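1. Okay, predicted coordinates and the sequence, questions at the end:
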Amino acid sequence: MTVEQRLKQAFERPEGELGEEDGAYDRFLRHRRRRARRATAGAGVALCLVAGLALAAPRLLPAGGGVASGGQDRKGPPLVRVGTVHWQGARLEAEGRRLVVSFIGGAPQGAKLGPCSPLYKDETVATDDAVTLTVSAWTTRPLTNVICAGVGYARSLTVTLPEPLRGRRLVDGATGRTMPVVDTALRQPSYLPAGYRYQREEVDNDVSRRTWSRQSGSEELLDVTQGGAALARLGYRPVVLQRTTVHGAAATVWKSRGFDDSICLSWAEGATGFRICSLGSTTAPLPPAELVKIGEGLR
Amino acid sequence: MRVGGTEVEFREFFASQYGRLYWLGHLLTGDRAQAEDLAQEALVRAWWTWARVRTLDRPETYVRKVLVNRHRSLLRRALLEARHARRTRPEEAYLPAGGEDGLVLWAAVQRLSPRQRAVLVLRYHEDLTEAEVARLLRLPLGTVKTLARRGLAKLRAELAPPAQDYVRSAQEDQ
């Protein structure tokens, strides 16, 4: 092997060697705030930070001190509780009896259990004035010195409450903070192109984004976002592909210039905004007509 | 208030880029803390000009350029400081891939000059051509060629004996 080839090999990024265990994005947000404060005086850069976007990949090393769980509902080695995850948003369903909680996890939804791909469980403690919901990460006891990627993945959990929330506060058990709860009925798609399977929901204040995906060589994603009327606005420097109507309201099919191959359809009905985006990582996104058909099918 | 979509989009970009920027920083500096600083700073700068960066054909080459620039200016400062303090920072221990062979190579890389190291990292990790390296490091093409040639020669010299031993012992095994 030549020295050039050996150099190439030695320089290769080892798998899982991302240089940090957790919270890279958290540190980034802090760094950004600090730098913004310094910069605003000079350059007048106005940065507005979206609250609640903190990324909290679970701490996974070392596993010492974990509590062994029964793990009766699954085969294999017993699970160990390795930490809690603070969640980003919650939406009420089924007359307050069910909650969809979104958070950032260490692996994509549906990933196989492993040291860096924990199982997320919910634990609720209800009192008269508050319900505390804790999302915890469980995994088989990891080997010592496991380093997990600092990449976060959007995850969600559906939690059935023992009794409806009924105006009580909802508290994140990981941080002790009272969190806003969205109580809007989401429209359900009655039409989806073949092969798309539901993945997850992200709740951020009053915006809910649900993702479906299908595998066809690569992963194709379909996002349906519902929230305020602002969603009907197009992204930065949009390229308008088509003007159309959905449910009688003016709608636009557009893509953003240069960033990726996604195309979106957005429109507003009264105070509610909708956005449907299709993204294929190597394949072309869905054609505009399909997006309109999905939009018309939202009930 | 920015529309949430921008933040979400940037977060995705962050997630896709952080690991490779950190690793590039680590290769350039050999120091985890400095690597993290470089990666974070490059991404903060990308966030400031995100409206423009996101429209580039390859936003990832932009952040790489920011990181390399930043490394270069820090290096200049560090060399000055080292000259005054008459010392340089010791490199952190790192266990590279490729077992013992990798260790020998990594140790040899640590003994290269910072400029030789930067040229080789960009050339053989980032797969840039010599002309692209020259543009990125703002050095004349001839200088980059010389740095690469001398850096490789140094590595070859340091690696030669153990490599021969390895071949010999492999033959004996058979």
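-> In hand now; what should we look at?
2. I'd guessed residue B:11 sits against residue A:25; true?
-> Yes. In terms of C-beta atoms under 8 Å, residue B:11 counts as a neighbour of residue A:25; the distance is 6.6 Å. C-betas here are computed from N, CA, C, even on glycine.
3. quick one, which of the two is more surrounded?
-> A direct count of neighbours by other C-beta atoms under 10 Å in any protein chain shown for residue B:11 and residue A:25 places residue A:25 higher, at 23 against 19.
4. Now do the phi/psi pair for the more buried one.
-> Main-chain dihedrals, residue A:25, degrees, to the nearest 10: phi -70, psi -30.
5. so residue A:276 makes contact with residue A:222?
-> Yes. Counting by C-beta under 8 Å, residue A:276 does reach residue A:222; the two are 7.3 Å apart.
6. Mutual contacts of those two, please.
-> residue A:294 (C-beta atoms under 8 Å, 6 or more residues apart in numbering or on different chains).
7. Leaving out sequence neighbours, find the closest residue to the residue most central in space within chain B.
-> The centroid of chain B falls nearest to residue B:28 when counting by C-alpha atoms, centre = their mean (3.2 Å). Among residues not flanking residue B:28 along the chain, residue B:71 sits closest, at 5.2 Å (C-beta to C-beta, 6 or more residues apart in numbering or on different chains).
8. how distant is the strand or helix carrying the one you found from the center of its chain?
-> Using DSSP states H and E, residue B:71 maps to helix B:59-85. Centroid displacement of helix B:59-85 relative to its chain, using C-alpha atoms, centre = their mean, to the nearest Å, is 11 Å.
9. if we can go back for a sec, can you report how many residues lie near the residue nearest to residue B:28?
-> Neighbours of residue B:71 (other C-beta under 10 Å): 24.
10. ok, it - contacts?
-> Counting by C-beta under 8 Å, 6+ apart, residue B:71 touches B:25, B:28-29, B:38, B:118.
11. got a winner among those for most neighbours?
-> residue B:25 (27 neighbours).
12. In this structure that one contacts residue B:40, no?
-> No. Applying C-beta under 8 Å, one finds residue B:25 not in contact with residue B:40, separated by 9.4 Å.
13. Please work out which residue of the stretch 51-200 of chain A is closest to chain B.
-> Closest residue of the stretch 51-200 of chain A to chain B, C-beta to the nearest C-beta: residue A:151 (4.9 Å).
14. Helix, strand or coil: sort out that residue for me.
-> coil (DSSP: H, G, I helix; E, B strand; the rest coil).
15. Run through the stretch 151-299 of chain A and note the low-pLDDT ranges.
-> Residues of the stretch 151-299 of chain A that meet the criterion pLDDT under 70 lie in A:217-218, A:235-237, A:257-260, A:280-282.
16. Domain ranges for chain B, per the record?
-> B:1-93, B:95-174 (automatic domain parsing).
17. Including mean pLDDT and distance to residue A:157, could those go into CSV?
-> Putting these into CSV (pLDDT from 0 to 100; distance: least, C-beta to C-beta, whole Å) gives the following:
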stretch, mean pLDDT, distance to residue A:157
domain B:1-93, 80, 20
domain B:95-174, 80, 37
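18. so of the ones you listed, which one's packed in deepest?
-> Ranked by mean neighbour count under mean count of other C-beta atoms under 10 Å in any protein chain shown, these are led by domain B:1-93, which reaches a mean of 17.
19. right, and residue A:81 touches residue A:136 too?
-> Yes. Applying C-beta under 8 Å as the test, residue A:81 and residue A:136 come out as touching, 5.6 Å apart.
20. could you point out which element follows the helix or strand where residue A:34 lies?
-> Element membership of residue A:34, judged by DSSP H and E, is helix A:24-43. Using DSSP H and E, the helix or strand that directly follows helix A:24-43 along the chain is strand A:79-85.
21. chain center to that next one: distance?
-> Chain-centre distance of strand A:79-85: 19 Å, with C-alpha atoms, centre = their mean.
22. Also stretch A:119-138?
-> Stretch A:119-138 has its C-alpha centroid displaced from the chain centroid by 19 Å (C-alpha atoms, centre = their mean).
23. So what touches that stretch?
-> Contacts of stretch A:119-138 (C-beta under 8 Å, 6+ apart): A:58, A:60, A:69, A:79-87, A:90, A:99, A:101, A:103, A:105-106, A:113, A:118, A:139, A:155, A:157, A:159, A:161-163, A:165, A:168-174, A:178.
24. now with 6 Å?
-> For stretch A:119-138, the external contacting residues (C-beta atoms under 6 Å, 6 or more residues apart in numbering or on different chains) are A:58, A:79, A:81-85, A:87, A:103, A:105, A:113, A:118, A:157, A:159, A:168-171, A:173.
25. Pull out the CA atoms of it and give them to me as CSV.
-> Taking Å, rounded to 0.1, in the frame of the first residue of the first chain, the C-alpha atoms of stretch A:119-138 are listed here in CSV:
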residue,chain,number,x,y,z
LEU,A,119,-35.8,2.6,23.6
TYR,A,120,-37.7,5.7,24.7
LYS,A,121,-40.4,5.2,27.4
ASP,A,122,-42.8,7.6,28.9
GLU,A,123,-43.5,7.9,32.6
THR,A,124,-46.4,10.1,33.9
VAL,A,125,-47.0,11.2,37.4
ALA,A,126,-50.4,13.0,37.9
THR,A,127,-51.3,15.3,40.8
ASP,A,128,-54.3,17.6,41.2
ASP,A,129,-52.8,20.5,39.4
ALA,A,130,-50.1,19.1,37.2
VAL,A,131,-49.2,16.1,35.1
THR,A,132,-45.5,15.4,34.9
LEU,A,133,-44.3,13.6,31.8
THR,A,134,-40.8,12.2,31.7
VAL,A,135,-39.3,10.6,28.5
SER,A,136,-36.5,8.3,29.5
ALA,A,137,-34.0,6.4,27.4
TRP,A,138,-33.4,2.7,28.0
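26. element containing residue A:273, please.
-> Residue A:273 belongs to strand A:272-280, assigned by DSSP H and E.
27. Show me what that strand is in contact with.
-> By C-beta under 6 Å, 6+ apart, strand A:272-280 touches A:220-232, A:262-267, A:285-286, A:291, A:294-295.
28. any idea how chain A splits into domains?
-> Using automatic domain parsing, the domain ranges for chain A come out as A:16-183, A:184-299.
29. Next, the distance between the ends of the last one.
-> Length of domain A:184-299, first residue to last, C-alpha to C-alpha, to the nearest Å: 13 Å.
30. the helices in chain B, which residues?
-> Ranges of helices in chain B, per DSSP state H, are B:4-29, B:32-48, B:50-53, B:59-85, B:99-110, B:114-124, B:130-137, B:141-173.
31. is it possible to export those helices to TSV including distance to residue A:132?
-> Putting the helices of chain B into TSV (distance: least, C-beta to C-beta, whole Å) gives the following:
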stretch	distance to residue A:132
helix B:4-29	26
helix B:32-48	33
helix B:50-53	36
helix B:59-85	40
helix B:99-110	49
helix B:114-124	49
helix B:130-137	52
helix B:141-173	58
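32. just so I know, which of these lies nearest residue A:247?
-> helix B:4-29 (21.9 Å; C-beta to C-beta).
33. Neighbours of the nearest residue to residue A:160 once chain neighbours are set aside, how many?
-> Of all residues not flanking residue A:160 in the chain, residue A:98 sits nearest, at 5.5 Å (C-beta to C-beta, 6+ apart). As a burial measure, residue A:98 scores 15 neighbours (other C-beta under 10 Å).
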